[in-house]
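Trainee: I would like to see how this sequence folds:
(one chain, ligands or ions: 2)
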Amino acid sequence: MAEGLRYVCNGCGHAIEAWSDGNPYYIDETGAKQYAYHPDHERLDQCIGNDSPHLCLSCGHEFMMDSLAPVSACSNCAAHKLVPTYQLDGQPCPYCKAGVFVADPDSHCIS
Ligand SMILES: [Zn+2]
Ligand SMILES: [Zn+2]
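Mentor: Ligands and ions are numbered 1, 2, ... in the order given. A predicted model of the protein is given here:
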């Protein structure tokens with residue numbers, strides 16, 4: 001079960017959608033990375049890693065963090081201010097530098 005959230009900056013209104021479980025993946029016979037999508041539970045059991053969306057709080061760069069090859073610095077600006085997008089609650093907005101992200105209660109959903 002995945003939990004979906006939407007965070008909205010209370011300064012500029014920039015919205016970011018977040019899912020709590022990222023994109024689990026497995027490696028197929030040819031060595032290629034394959035994503036397992038819900039509700040493919042057979043495939044999910046074979047998953048060895050997870051790509052989860054992260055946001056750089058310094059420049060606003062959004063990217064996927066690979067759990068098997070995590071990075072600590074932003075590939076765009078080299079700042080060490082990377083947070084998972086589903087943990088954005090209360091984090092400063094990198095777009096307007098004035099507001100903070102708050103969870104949008106209206107968009108909370110479970111799939
Ligand atoms: Zn903002
Ligand atoms: Zn950055």
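
Trainee: and the helices in the chain?
Mentor: 41-44 (DSSP state H).

Trainee: contact residues of it facing ligand 2?
Mentor: 56, 58-59, 61, 74, 76-77, 79 (C-beta under 5 Å from the ion). The C-beta positions use only the backbone N, C-alpha and C, and glycine is treated the same way.

Trainee: let me have those in JSON lines, extended by neighbour count and pLDDT.
Mentor: Listed next are those as JSON lines, based on neighbours: other C-beta atoms under 10 Å; pLDDT from 0 to 100:
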{"residue": "56", "neighbour count": "21", "pLDDT": "97"}
{"residue": "58", "neighbour count": "18", "pLDDT": "97"}
{"residue": "59", "neighbour count": "14", "pLDDT": "97"}
{"residue": "61", "neighbour count": "16", "pLDDT": "97"}
{"residue": "74", "neighbour count": "20", "pLDDT": "97"}
{"residue": "76", "neighbour count": "13", "pLDDT": "97"}
{"residue": "77", "neighbour count": "13", "pLDDT": "98"}
{"residue": "79", "neighbour count": "14", "pLDDT": "97"}
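
Trainee: from these, which land in strands?
Mentor: residue 56 (DSSP state E).

Trainee: need the residues of the chain next to ligand 2 in JSON lines with distance to ligand 1, can you?
Mentor: Below are the residues of the chain next to ligand 2 laid out as JSON lines (distance: C-beta to the ion, whole Å):
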{"residue": "56", "distance to ligand 1": "14"}
{"residue": "58", "distance to ligand 1": "14"}
{"residue": "59", "distance to ligand 1": "13"}
{"residue": "61", "distance to ligand 1": "15"}
{"residue": "74", "distance to ligand 1": "18"}
{"residue": "76", "distance to ligand 1": "18"}
{"residue": "77", "distance to ligand 1": "17"}
{"residue": "79", "distance to ligand 1": "17"}
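
Trainee: so who does the residue nearest to the spatial centre of the chain touch?
Mentor: In the chain, the centroid-proximal residue (C-alpha atoms, centre = their mean) is residue 53; its distance is 2.2 Å. The contact partners of residue 53, taken as C-beta atoms under 8 Å, 6 or more residues apart in numbering, are 18-19, 22, 62-65, 84-86.
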